[in-house]
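Undergrad: Provide a 3D model corresponding to the input given below.
(2 chains)
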Amino acid sequence: MVLKVKNPGLFTTVQDKGRSGHQAEGFSPAGAMDWRAYMLANLMLGNDGDSAVLEMTLHGASFEVLEDTVIATAGAEMPMHVNDRAVEIGTVVHVLKGETLAFGGASEGARTYLAAAGGFDIPGVLGSTSTHTRSGIGGMHGRTLQTGDRLKVHGGSVTETLLRVKNFENDALIRVIPGQQYDRFKENLDTFYESGYELTKDCDRMGFRLDGAVLEAAGGHDVLSEPTQLGSIQIPKDGKPIILLNDRQTAGGYARIATVALADIPKLVQKRQGDEIRFKEIDVREAAVLYKEEIDRVNAGFYFETDNNFSLHRRPLSEKIESIMKR
Amino acid sequence: MEISQYSENALTIYMGDDIDENVNRQLVSLKQKIEAQEIRGIEEIVISYTSLIIYFDLFDADAEEIEKAVRNIDTDSLLEGGFEYRTVEIPVCYGGEFGPDIESFKENGLTADEVIDMHSGREYLVYMLGFMPGFPYLGGLDEKLHKARLDTPRMRIPAGTVGIGGEQTGMYPFESPGGWNLLGRTPVPLFDPGREEPILYRAGDRILYRPIDEQEYGEIARQAARGEYEVKIEMRSEG
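TA: Model prediction:
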């Protein structure tokens, strides 16, 4: 065992790339919501691309370190401490047995990812470690972390540690692809694209409910149940958009005006209650190109810069040097 | 056939506008024909009432190529020849604490025994799965068994419960809140990650409910817990 949960935070779950290939049976894909921050946290440690991480929401967790390990973080800005020492999000840190690792409330963004060397060692369900709390499967017994939970990591050597994640864009623009019932909203498109929408308090892993100008569907808001996609923007009878996200039901019966482009999902899921977003329409082919370019950028190290804070990365070594110097 | 794209990594193919057994049959046949082509990069095909959706890996597949391959399939041939389907038998203990609403069908002029006979005496087509993992959207419920949902939904319906909501019958693989009229419960785990097929049925299959008594419920539950119960699945053909 490597980490013991002292305080689980607001909503902390084990996630990976998601449970793909089981939507026909009704399983939501789940998975890390900010796929870019998830990839970066694992890349910093040289982990496999589908390694299990912890997703912390708005207020992070705290842990007792039971064995030395190396961790990396990416995503929302949260105060982070190793004992009394402040550490920045987006860096690699060597944590030592007996220390306390603690995260506070997010100052910017909503979700922070905590990766550990080799990935967290969690049994998979249907090929994935991702937690889907609504059906109680995956991750830590299908639920959020609780005080006293103990987490194992696979361990192994860490390839590159002197990395730091650059800041992400956080503007309000969310690009979307025309959706299944786009034609029903022909009369409302100006409203949809020109007025902003605000995230309400009802925003979670299943979906984001928005507040703003009402959109009326010609021909009604109900449709026969049809598979939902990540980012589907459905408009129920009250005319207020709901964006479906990772833990969504796999079938839905409301008219869909648009789908959020995969490339803008990371920006969207770092928004929080009260934040405003604006939609801009793009073509599905353009969206595909944007997504592929973004994945290539992440893998090519575009979001990394060199971090010179050597002492945090190689703690056992630097601490040994420090103690020798004191002699 | 109408092919559309609403997200980067998925193609949707519409085969009809209404809930219709023939549309379902066409979709099941189309899915098999697409799968038989072994097109690179296809991750999953999901069937719903009137459409199927093909999910693919953007780095491994090309939307235009998949679309071309699908257009090459002769849709007129989808209903030709006979077709095979699976019938999945689900044992159900009706009434009592498992089915507290079965007596309320008196309002429909039916005794509990009549409800059991009518509900278990036919096959239900699985149009699609969704709402929750393993929850089947079933077609074929006898009109006399249509019954509006409860005014006040229950906070907790146990996994395995079989019920009726409006014009639909179905079952809950996971514990859930809900407003359905509860008829009974199956001792067979509807979701079992350790089983070869974690979910027992898929779109295009048929469900047959077999009435069992409390004693058999207990026996099957014990067998299932030991991983020894085998669900009866039969291949049937038509046409």
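Undergrad: Just to be sure, B:G96 is in a strand?
TA: No: counting by DSSP: H, G, I helix; E, B strand; the rest coil, B:G96 falls outside a strand, being coil.
Undergrad: what about the strands in the stretch 151-300 of chain A?
TA: Assigned by DSSP state E, counting those that start in this stretch, the stretch 151-300 of chain A shows strands spanning A:163-165, A:173-178, A:197-203, A:207-211, A:222-227, A:232-235, A:242-244, A:251-260, A:276-281.
Undergrad: With mean pLDDT, distance to chain B and mean neighbour count as new columns, can those be given to me in TSV?
TA: (C-beta placed from N, C-alpha, C; glycine too.) Putting the strands of the stretch 151-300 of chain A into TSV (pLDDT from 0 to 100; distance: least, CB to the nearest CB, whole Å; neighbours: other CB atoms under 10 Å in any protein chain shown) gives the following:
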stretch	mean pLDDT	distance to chain B	mean neighbour count
strand A:163-165	90	23	21
strand A:173-178	98	6	20
strand A:197-203	97	17	16
strand A:207-211	98	15	20
strand A:222-227	91	5	20
strand A:232-235	97	8	25
strand A:242-244	97	11	24
strand A:251-260	94	3	25
strand A:276-281	98	13	17
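Undergrad: and chain B, which residues reach chain A?
TA: Within chain B, the residues that sit near chain A (CB under 8 Å from any CB of the partner chain) are B:4-10, B:12, B:18-19, B:43-51, B:53, B:55, B:58-59, B:63, B:128-135, B:137, B:174, B:193, B:198-199, B:202-203.
Undergrad: Now the buried members of these.
TA: B:4-10, B:12, B:19, B:44-51, B:53, B:55, B:58, B:63, B:128-135, B:137, B:174, B:198-199, B:202-203 (16 or more other CB atoms under 10 Å in any protein chain shown).
Undergrad: could the strands of the stretch 151-300 of chain A go into CSV alongside distance to A:K97?
TA: CSV is the format used below for the strands of the stretch 151-300 of chain A (distance: least, CB to CB, whole Å):
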stretch, distance to A:K97
strand A:163-165, 24
strand A:173-178, 44
strand A:197-203, 38
strand A:207-211, 40
strand A:222-227, 48
strand A:232-235, 46
strand A:242-244, 43
strand A:251-260, 43
strand A:276-281, 44
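Undergrad: how about the ones you listed, which one is nearest A:F304?
TA: strand A:163-165 (4.6 Å; CB to CB).
Undergrad: Now find how far off-centre that closest one is within its chain.
TA: Strand A:163-165 has its C-alpha centroid displaced from the chain centroid by 17 Å (CA atoms, centre = their mean, to the nearest Å).
Undergrad: Mind giving me the packing neighbours of that strand?
TA: Under the contact definition 3 or more CB pairs under 8 Å, 6 or more residues apart in numbering or on different chains; DSSP states H and E, strand A:163-165 sits against helix A:35-45, strand A:304-306.
Undergrad: Now the last one: buried residues?
TA: Same thing as strand A:304-306. Buried residues in strand A:304-306, counted by 16+ other CB under 10 Å: A:F304.
Undergrad: report the longest helix in the chain, please.
TA: Defaulting to chain A. helix A:284-299 (DSSP state H).
Undergrad: not what I meant, chain B
TA: Ranked by number of residues, the top helix in chain B under DSSP H is helix B:21-36.
Undergrad: Could you export that one as PDB, CA atoms only?
TA: Provided in PDB are the C-alpha atoms of helix B:21-36 (Å, rounded to 0.1, in the frame of the first residue of the first chain):
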ATOM      1  CA  GLU B  21     -39.900  -5.100 -35.200                       C
ATOM      2  CA  ASN B  22     -38.800  -5.000 -38.900                       C
ATOM      3  CA  VAL B  23     -36.600  -2.000 -38.400                       C
ATOM      4  CA  ASN B  24     -35.000  -3.800 -35.500                       C
ATOM      5  CA  ARG B  25     -34.500  -6.800 -37.600                       C
ATOM      6  CA  GLN B  26     -32.900  -4.700 -40.400                       C
ATOM      7  CA  LEU B  27     -30.600  -3.000 -37.900                       C
ATOM      8  CA  VAL B  28     -29.400  -6.300 -36.400                       C
ATOM      9  CA  SER B  29     -28.800  -7.700 -39.800                       C
ATOM     10  CA  LEU B  30     -27.000  -4.500 -40.900                       C
ATOM     11  CA  LYS B  31     -24.800  -4.700 -37.800                       C
ATOM     12  CA  GLN B  32     -23.800  -8.300 -38.600                       C
ATOM     13  CA  LYS B  33     -23.000  -7.400 -42.200                       C
ATOM     14  CA  ILE B  34     -20.800  -4.400 -41.100                       C
ATOM     15  CA  GLU B  35     -19.000  -6.500 -38.500                       C
ATOM     16  CA  ALA B  36     -18.400  -9.300 -41.100                       C
END
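Undergrad: which non-adjacent residue is nearest residue 191?
TA: By default, I'm working from chain A. Distance criterion CB to CB, 6 or more residues apart in numbering or on different chains; nearest residue to A:T191, sequence neighbours excluded, is A:A213 at 4.7 Å.
Undergrad: nope, chain B please
TA: B:P173 (4.5 Å).
Undergrad: ok, now which ones touch that neighbour?
TA: B:M132, B:P133, B:G134, B:F135, B:A159, B:G160, B:L190, B:F191, B:I199 (CB atoms under 8 Å, 6 or more residues apart in numbering or on different chains).
Undergrad: ok, now which ones touch the second one?
TA: Residues in contact with B:P133, defined by CB under 8 Å, 6+ apart, are A:H22, A:E25, A:G26, A:F27, A:S28, A:S135, A:I137, B:P173, B:F174, B:F191, B:I199.
Undergrad: For it, grab phi and psi.
TA: Main-chain dihedrals, B:P133, degrees, to the nearest 10: phi -50, psi 130.
Undergrad: per-residue pLDDT, it?
TA: B:P133 carries a pLDDT value of 95.
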